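1. build me a model from this:
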Amino acid sequence: MSEEVAVEEEKAKSPILKIILIVVGILLLVAITIGGTLFATGFFDAEKESSEEAIAALEAEASAEAAAAEAAARGPDKETKESPEFTRFEQSYFQLPKPLVANLAGSRKVMQATVAIMTHYDSRVVENVDKHDFPLRFAMLSVMRLVTEDDITSANFQTDLAEKLKIEMNAVLESLEDFGGIEAVYFTEFVVQ
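-> Take a look at the predicted model:
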């Protein structure tokens with residue numbers, strides 16, 4: 001009978017021993033998997049970058065992008081004449097190909113003007129004026145249609161009209177190209193009949 005009791009005790013210990021061995025095996029497998037994953041991702045590298053260094057690098061990159069965006073928002077660079085004594089900005093002129101013809105407000109008279117512009121900026125301003133000829137002509141004609149006969153008799157009429165046209169043309173260019181660049185408007189021909 002004592003042999004039977006010993007056999008029963010061994011049978012009782014055997015499932016507990018198997019369970020303990022299975023649990024230890026599973027824990028060992030999980031530990032090896034976690035360790036391998038950390039090693040593969042570079043967790044144990046000696047030269048890893050600290051979070052402060054990473055933040056500083058990102059801030060430097062963001063400030064460089066902001067500086068580039070600011071430079072783009074300023075518009076084109078001014079062209080300079082080469083001179084040994086001093087630096088001057090070169091003027092570029094462009095005459096619109098067709099004259100502007102508009103009726104005076106409240107009158108049967110007609111005003112005809114040929115317009116030229118001046119800029120100190122590079123050729124992009126002239127290219128933009130040429131490219132957007134139709135909306136610019138519309139805006140200038142809208143300003144000219146508001147002129148009355150009394151306005152024509154004022155001493156500074158052409159200067160005031162040129163300033164209004166410059167402001168209107170720059171507004172149109174800024175809405176279409178994000179940069180105006182017209183610094184003066186001149187009348188090369190001006191007739192009121």
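
2. what's the weakest-modelled helix or strand in this structure?
-> For the chain, counting by mean pLDDT, DSSP states H and E, strand 80-81 ranks last in confidence among helices and strands (a mean of 58).

3. the most centrally placed residue in the chain sits in which helix or strand?
-> The centroid of the chain falls nearest to Ala69 when counting by C-alpha atoms, centre = their mean (5.5 Å). Element membership for Ala69 (DSSP states H and E) is helix 51-74.

4. contacting residues for Met111?
-> Residues counted as contacts of Met111 (C-beta atoms under 8 Å, 6 or more residues apart in numbering) are Val101, Ala102, Asn103, Leu104, Met144, Val147, Ile152, Phe190, Val191, Val192. C-betas here are computed from N, CA, C, even on glycine.

5. 7 Å instead?
-> By C-beta atoms under 7 Å, 6 or more residues apart in numbering, the contact set of Met111 is Ala102, Leu104, Met144, Val147, Val192.

6. check Ser92 too.
-> Applying C-beta under 7 Å, 6+ apart to Ser92 gives the contacts Thr119, Ser123, Val126.

7. which of those residues are buried?
-> Among the contacts of Ser92, those classed as buried by 16 or more other C-beta atoms under 10 Å are Thr119, Val126.

8. between the contacts of Ser92, which is nearest Leu58?
-> Distance to Leu58 across these (C-beta to C-beta) is lowest for Ser123, with 37.9 Å.

9. in contact with that closest one, which residues?
-> Residues counted as contacts of Ser123 (C-beta under 7 Å, 6+ apart) are Ser92.

10. now do it, the pLDDT please.
-> Residue-level confidence at Ser123 comes out at 82, pLDDT.

11. host element of Ile20?
-> helix 2-40.

12. show me this protein divided up by domain.
-> Using automatic domain parsing, the domain ranges for the chain come out as 2-74, 88-192.

13. and among the ones you listed, the most buried is which?
-> For those, average neighbour numbers computed from mean count of other C-beta atoms under 10 Å are highest in domain 88-192, which has a mean of 16.

14. distance from that one to the middle of the chain?
-> Distance, stretch centre to chain centre, for domain 88-192: 28 Å (C-alpha atoms, centre = their mean, to the nearest Å).

15. ok, now which ones touch the closest residue to Pro99 other than its chain neighbours?
-> Leaving aside its sequence neighbours, Pro99 sits nearest to Thr114 (C-beta to C-beta, 6 or more residues apart in numbering; 4.4 Å). Going by C-beta under 7 Å, 6+ apart, Thr114 touches Gln95, Pro99, Phe187, Thr188, Glu189.
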